Structures are given as structure tokens and as C-alpha cells.
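Novice: Build me a model from this:
(chains A and B)
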There are 2 protein chains.
Amino acid sequence: MSSSSKPRVVVTRSLGPQVMGPFEARGDVEVDCWPEDTVVDRAWLLEHVKGAAGLLVAFGEKVNTELLDAAGPSLKVVSTMSVGYDHFDVPEIKKRGIKMGYTPGVLTNAVADLTILLILMASRNAGYTSALVQRGDWPSSPWSPYAFCGPQLSTIPSSPKRTIGFLGFGRIAQATLTRLIAFGVTDVVYTTRSLSADKDAEYAKQFPTLNSIKGVSLEDMAKQSDIVVLLAPGGDATYHMIGEAFLRQMKPTAILVNAGRGTVVDSDALAKALKEGWLCSAGLDVVEGEPNVGKDHPLVKEAKCVILPHLGSATIETRLGMANLAVQNVLGGLGLCEMGEVLDP
Amino acid sequence: MSSSSKPRVVVTRSLGPQVMGPFEARGDVEVDCWPEDTVVDRAWLLEHVKGAAGLLVAFGEKVNTELLDAAGPSLKVVSTMSVGYDHFDVPEIKKRGIKMGYTPGVLTNAVADLTILLILMASRNAGYTSALVQRGDWPSSPWSPYAFCGPQLSTIPSSPKRTIGFLGFGRIAQATLTRLIAFGVTDVVYTTRSLSADKDAEYAKQFPTLNSIKGVSLEDMAKQSDIVVLLAPGGDATYHMIGEAFLRQMKPTAILVNAGRGTVVDSDALAKALKEGWLCSAGLDVVEGEPNVGKDHPLVKEAKCVILPHLGSATIETRLGMANLAVQNVLGGLGLCEMGEVLDP
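Specialist: Numbers count the residues shown, from 1 in each chain, chains lettered A, B, ... in the order given. You can find the predicted model right below:
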């Protein structure tokens, strides 16, 4: 059996035996995978993509004119194991009639879990205090009535109201809110591109136990929220939307959480705000310029800021789901099954 | 106005201006508070307690024969700002006809929040990865499909079942379960002193969206749970209940969380279990021997174990609630208001 009769798919990173096993065992495609467990070598990729019918990449691996030219007219589909597609030159790919696949949806719950984790870590000083235990400083940290205390997420009779502000109110934000309601959260303000009374009414129906849910201006969200949750996409429209003006309007007891894109927050402004107490604390899963966020980054140096290295979708179940969907999308683009998630912005 | 005509209350630690202000402003009691923001000096306490009518203490400050003898027959009430009362010599206090107050209930939600935090920190490797960012190692930690991945708390279509095991199923465990249900948790197994089909039926009614909830043996809980949550009291009955035998029966993908009492877990056995992969990871808010848990403690050295320094009730709202209740209890014991929570074990 000559492999030249079968379409060839180039894969830039092994997706693990559970996914690669069945993929490679199919009789109808030839899988050509970068053999190392590292980021793919660009020269290898440019060489191997020649004449390929499909290309499966990870976030950050640029699919641009150079790569598309190297592939040639045989390329029918590019599939990314990510919900973001900043690494795709979309107009160029579209112009060539190449299909695009991505993996939204499957990661909604993993990111919503992570958002709750960030809220709790920031409010309960968990980054600072777990590091304190690691350093061996628990024995010298005696109990005192308000030591390590931050604001409480859940409501109690003596403190019966919590207002959550969302920047962006899509699938992940709504899944996060479902979780927050179980903690007794009572009120929601959200900011999206377009606000309407109809939308408010729709959400009120969707979350009937809330006291109120309404779309507001960015300024009102800053002023009213006990917790601000950022789940907005990146890009020019949201660049540094959270800067000094917004942060100065927050409650001094409030916390800020970013589980969306790092570029939404002006890091220097946030570091200054935390240092000067404009808000209480922050939890970040994304930071502008990541992963080049080193020890001397102003937010890494802030005790009131806890940072996770972009773990949003990082669970075994979800990453397997994303990998399987990315494989399905590349096969779908070759007409070997139905595509799961077609990207068509 | 002579202060000698008013009952005197000795307070071993300032409860902050919001609580001490109104307490000291009352005309009907004299408040005698240890003036430093440190653990009370025992000699000062033994001296000041002489002739006092009330005593308000924090967790760990022993109310024993020595102290009761020093106080003399004037003492009518001892009140602790804690839910635990291991520091009370209960028979001795009862024998003397002294009332006891404590602060359960008000901290339920704060501890339930903390339990969710521990579950998410342990499953998402948040202790390890936040420390990695702090060390400046994010730039040298490139993305890979399964880097930093742990088991996912929330259910998804490809992984639709989560079984939570509870050791102890009181108020805090039930508040924790309310939160977990919003993450899609489907099944519950619990171990308490006495199990019965009636109890199972009652809980099934209380949590109607669960697929199943039932009381089981410790062994079955170990075998069936994806997440084991320890919220049992301390003491002889639960001492090292979680040891090598239990840990060996856990699923290798499971996580263990302790938000109850440190003595329930055999620390050496848990460290060995984590090292050898009998379970996936652990999150602890309490450790036997705390706060004397230093850098060389076997669990502090385990990368798969995240430890918080007993933050269970540590939120501003809850600690204020506990402080106010402790004041109410001491005043109640003097007949100046109704007692909030009488301790009568």
C-alpha cells in the first residue's frame, strides 16, 4: 500500500497516545507528526508541509503566507487546538479557499472552574499564604483575629449582597455565574459591546435566583462591583480597557480577576493600583506579553496579585477533548468525517 | 462612676475597633483587654482574671483549673471566638456552673468557600504553578498539550460523572456540596458515625439534582471517590483515620482535601502516598501539629501537596461575625442580653 495515495496531515505536536493512537491507526490518512515533545522547528515544518492536505497546529504557531506558500495548493484545511486564532492569517487562508477549524465550547467549563479558583485565591490570599507555608513561615505566623483575612465570596446574613461585574458575558462568563450563584452571589452588572433591556430580561430569565442582572457602562461596573471578572477577547477593541481610570473607580475592598486575554489589562496601572490600595487584590491567569513574565515583572512583585501561567483549559479531560476535536476538524476538512467546529469569522 | 460596681470582662485579644468600640462604649460592663496585638501573656491573664465576671478568649488559650481557680467564684461565663473548644476543660467549667459560649454557624460559608478553593488548587496545580511564576520560571515553561494538567472538577460531556466523598457530613460539608453541584458534581458518598437508609433518603430530597447520595464505609468511600473531602472533627475517634490503608484504596487520579482537623490525617502516610502516586494530589488547610509545620515537614516538601495556614474562617466578614457573637455570648452569660450560641456538649 503506497502512502502517496492517501492525504497527508502534518501535526506540529504529538497530542498524546490516547489521541494519536486512533488517529494514526486510521487507514485513510497519513499522519506526519513532529517527533519531539517541544515546539516544532519551523524549518522542519516548512519542509514537511509541502504537498500536505491538512495541518494541525497549536496556539502561537503562525499560519501565514510563508507557510501557506510552502504548503502549496494541496492544503485543504488548517486546524488549531485552541479557541484563540490570533496565529492564523485569516484573510490569506480564506482567499485560498482553505477551511479552518478551532476548539471553542469544549473548554468552557475548565475556564469557568479556573475563574472561580482565581476569585477565591485572590480574595483568600491563597498565593501569598501557600508560599508562606512553603518558605517555612507558618510556625512564626501566630493566629490573630484578622490575620490573612480578605473579603468573603459567599454571602452571610450580616453581609447579604455581592455584586459581580463581568467584562464580556459569553459562554464562559455565564458558566462562571452559574457557579457563583451557588456561593450566594446576588447581583450582576455586565459590560458588552451592545447593551439592551431585552438582553437584561433574557438573562434575568436565565438566572432567576439573582436579585438583579443588568448591562452597564464600564464606569458603573467599576463602581458597583465587589468582584470584577474579565473574560473579554484580546485585540485592538479591548486593549488596556482596564487601566488607571477604571481601577481608580473600583471599591477598595474589591477584587479583579482576568481569565480572558492579558492585553485587556494595563499591567503597570494594575501594579500601581494594588500598591496604593485602590482595590484589594487581583488574580490573573493571563498577562500581557506572556509567557515572558519574569521575576521582575511589576505584577509578579506585587504581594496582592496572584498569577497562574495560563491554565484556563489545562485539565486532562478538556485538553483531550480539544485534541480530539482538532483531529476531527482536520479530518472533516478532508471530507473524512463531519467537521466539529468550523472557524469562519 | 466607680467601675467596681459593674461586672468586669477580661478579653485576651483586641477584636478590632469595629467590635471593641461598641463593646467598650456600653455602660453596663467594664472591659479589661490585653493591650498588645499578640497572644496574651499568661501571667497577665492569671492576674487580671481575678474577680472577673466574664472571660473572652481565642482558640488555643487554655481555660483550665489553673485559670478557673485564679478567677474565683465571680466568673459566670467563658466565651471563645472559635467553633472548636479543645482548649476548654469542659467538665471542670461545667462543675463550677460557668456558662460556655462559642461561635459555630457563622463560619459555615467561609469554610465551605475555602474547601472549594482547596479542591481547585489541588486539582489545577495552583500552588505549584503560582510559585513557578513567582520564581520567574514562566518564560521557560512553554505550552505543551498536557503541561500542568490535573483532573477537572466540573463535568463535561466526555467525562460526565464526578463522585465526591465526604468524611463528616455536617453543616459545612452540606454547604460545600451546594457549591459543588453548580460544578456539575453528580454523585456523593459520605461516611459518618451512623449510616441509615432514612438519612440517605433525607439527603436525596435535600439535593434533588444529584444522581445518587449514600452513606458508605470508609473503604468504599476511598475506592469510589474522585475527590475526598475531610470535614471531620478532631479527637481520638478520628485520629489518623486517613492513613496508609485508606490512601492505598484511593483512585490514582483522585484528590484529597482536608479542611477539618489536622489529626485526622497521618501526614507521613500521605507524603508517601503522594510520592508514590497512590493518589493525584492533596490540598490541606490543617496539618497535625500546626502551626509547627516548617520547611522540612514531609508534606511541605511534596510538590503535589498545597497547604494553606488554617484559613478556614479567615474572611473579614466572618471573623467580624465571630467576634460579635463571642461578645454577645459573654454579655449573655452575664444576663445583659440573650446568648447567641451556648456550648453544652
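
Novice: Indicate the residue of the stretch 1-150 of chain A located nearest to chain B.
Specialist: A:G136 (3.1 Å; C-beta to the nearest C-beta). Heads up, the C-betas are built off the backbone N, CA and C, glycines and all.

Novice: How about the contacts made by that residue?
Specialist: B:G294, B:K295, B:D296, B:V300 (C-beta atoms under 8 Å, 6 or more residues apart in numbering or on different chains).

Novice: Whatever residue of the stretch 201-345 of chain A ends up closest to chain B - how many residues pack around it?
Specialist: Nearest residue of the stretch 201-345 of chain A to chain B (C-beta to the nearest C-beta) works out as A:K295 at 3.1 Å. Neighbour count of A:K295, defined by other C-beta atoms under 10 Å in any protein chain shown: 13.

Novice: now A:G72
Specialist: 11.

Novice: what's the answer for A:P139, then?
Specialist: A:P139 has 16 nearby residues by other C-beta under 10 Å.

Novice: A:V330 now?
Specialist: Neighbours of A:V330 (other C-beta under 10 Å): 31.

Novice: Tell me if it really is in a strand.
Specialist: No. Counting by DSSP: H, G, I helix; E, B strand; the rest coil, A:V330 falls outside a strand, being helix.

Novice: tell me the pLDDT at it?
Specialist: Turning to A:V330, the model gives it a pLDDT of 98.

Novice: what sits against it?
Specialist: A:V9, A:G54, A:L55, A:L56, A:V77, A:S79, A:G101.

Novice: swap in A:E219?
Specialist: A:F246, A:Q249.

Novice: Break chain A into its domains for me.
Specialist: A:3-106+A:317-333, A:108-307 (automatic domain parsing).

Novice: Buried ones in stretch A:239-252, by neighbour count?
Specialist: A:M241, A:I242, A:G243, A:F246, A:L247, A:Q249, A:M250, A:K251 (16 or more other C-beta atoms under 10 Å in any protein chain shown).

Novice: which among those residues gets closest to A:V229?
Specialist: A:V229 lies nearest to A:I242 out of these, by C-beta to C-beta, at 11.3 Å.

Novice: Wait, the closest one touches A:S225, no?
Specialist: No. The pair A:I242 and A:S225 does not pass the contact test of C-beta atoms under 8 Å, sitting 11.9 Å apart.

Novice: quick one, helices of chain A?
Specialist: A:17-25, A:42-48, A:65-71, A:90-95, A:108-123, A:126-135, A:171-181, A:197-206, A:218-224, A:244-249, A:267-276, A:316-333 (DSSP state H).

Novice: Which residue comes closest to the residue of the stretch 201-345 of chain A closest to chain B once chain neighbours are left out?
Specialist: B:G136 (3.1 Å; C-beta to C-beta, 6 or more residues apart in numbering or on different chains).

Novice: same check, this time on A:D187
Specialist: A:T163 (4.3 Å).

Novice: List the contacts of that neighbour.
Specialist: A:T186, A:D187, A:V188, A:V189, A:Q224, A:S225, A:D226, A:I227.

Novice: A:P151 too?
Specialist: A:S123, A:D226, A:T253, A:A254, A:I255, A:C280, B:T315, B:I316, B:E317.

Novice: Can you give me the neighbour number for the nearest residue in space to A:V306 that is not next to it in sequence?
Specialist: Excluding the flanking residues, the one nearest A:V306 by C-beta to C-beta, 6+ apart is A:G127, at 3.1 Å. A:G127 has 26 neighbours, counted by other C-beta under 10 Å.

Novice: Isn't A:G127 up against B:S130?
Specialist: Yes. Look at A:G127 against B:S130 with C-beta under 8 Å: they come within range, at 4.8 Å.

Novice: No further queries at this time; thank you.
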